[in-house]
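S.K.: Only the shape, not the letters, is given here:
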């Protein structure tokens, strides 16, 4: 049926969206139950994809030595990133931006840019739609994880070449989402970067336009 969900189900969907948090430093060491992990991966696999190409793969990362190499790669990239915020150096250094070693499981969601062949329905005029599709899979997983009580942290501070080398990715496969997963001790009531004073969520009304881009009048 195309109608709305029952009120309780509808509220649960919006609650998962509203309460989803990017988790970095609150992971517990206990492992994720295999059945729960399977549900999360299935939720990701149920994402929409351009031309039903399903360009994703899910690389589960448990090996401590491998994750130590990935953490070292993060630290190198993070030092480079920190240098770009000299006026906010103290706050930047106080932020924990990953849980690579702390989380019981790391996951890299990749995009196989050759999947579906040379011509994929819906991708003919925008080649990046396979990447957008893979991002949808990552969001599906994050929302399902919130409903399951599993924390997810997206680590974006990597050199792509480092990820490709360490994970031995072929040339046609792109790393899209590097995620840390696990049970957590607590969640921030608002996004952590907002709670820590780095940024704040913009008012929705300031972002809504109609019938094209219209520059707001100057005062």
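M.R.: Perfect, thanks for sending it. Only a predicted model underlies this, so the values are computations on that prediction, with no experimental measurement involved.

S.K.: From residue 187, how far out is residue 146?
M.R.: Distance, residue 146 to residue 187, by Cβ to Cβ, to the nearest Å: 9 Å. For the C-beta atoms, the positions are set from N, CA and C on the backbone; glycine is no exception.

S.K.: between these two, what contacts are shared?
M.R.: Counting by Cβ atoms under 8 Å, 6 or more residues apart in numbering, the shared contacts of residue 146 and residue 187 are 19, 21.

S.K.: between these two, which one's more packed in?
M.R.: Of the pair residue 146 and residue 187, residue 146 is the one with more neighbours under other Cβ atoms under 10 Å, namely 20 against 16.

S.K.: residues contacting the more buried one?
M.R.: Neighbouring residues of residue 146 by Cβ under 8 Å, 6+ apart: 16, 19, 20, 21, 152.

S.K.: Can you list phi and psi of it for me?
M.R.: Main-chain torsions, residue 146, degrees, to the nearest 10: phi -60, psi -40.

S.K.: per-residue confidence at it?
M.R.: If you check residue 146, the pLDDT there is 97.

S.K.: show me where this protein has helices.
M.R.: Under the criterion DSSP state H, helices of the chain are mapped to 7-19, 34-45, 64-82, 89-94, 129-148, 160-167, 192-195.

S.K.: Name the stretch among these that sits most buried.
M.R.: Of the helices of the chain, the one with the most neighbours on average (mean count of other Cβ atoms under 10 Å) is helix 129-148, at a mean of 21.

S.K.: Could you check how far that one is from the centre of its chain?
M.R.: Relative to its chain's centre, helix 129-148 lies at 7 Å (Cα atoms, centre = their mean, to the nearest Å).

S.K.: angle of it against helix 34-45?
M.R.: 140 degrees (axes from the mean of the first three to the mean of the last three Cα atoms, to 10 degrees).

S.K.: List the contacts of residue 171.
M.R.: Counting by Cβ under 8 Å, 6+ apart, residue 171 has no contacts.

S.K.: Quick test: name the residue nearest the centre of the chain.
M.R.: In the chain, the centroid-proximal residue (Cα atoms, centre = their mean) is residue 154; its distance is 4.3 Å.

S.K.: Check the contact between it and residue 175; I expect there is one.
M.R.: No - with contact defined as Cβ atoms under 8 Å, residue 154 does not count as touching residue 175 (11.7 Å).

S.K.: in this protein, what spans have low per-residue confidence?
M.R.: Applying pLDDT under 70 to the chain flags residues 216-219.

S.K.: what number of residues lie near residue 205?
M.R.: 6.

S.K.: Enumerate every residue touching it.
M.R.: Counting by Cβ under 8 Å, 6+ apart, residue 205 has no contacts.

S.K.: Please report how far it lies from residue 214.
M.R.: Residue 205 is 14 Å from residue 214, by Cβ to Cβ.

S.K.: Please tell me how far the closest residue to residue 104 other than its chain neighbours sits from residue 105.
M.R.: Nearest residue to residue 104, sequence neighbours excluded (Cβ to Cβ, 6 or more residues apart in numbering): residue 182, at 4.5 Å. Distance of residue 182 to residue 105, computed by Cβ to Cβ: 6 Å.
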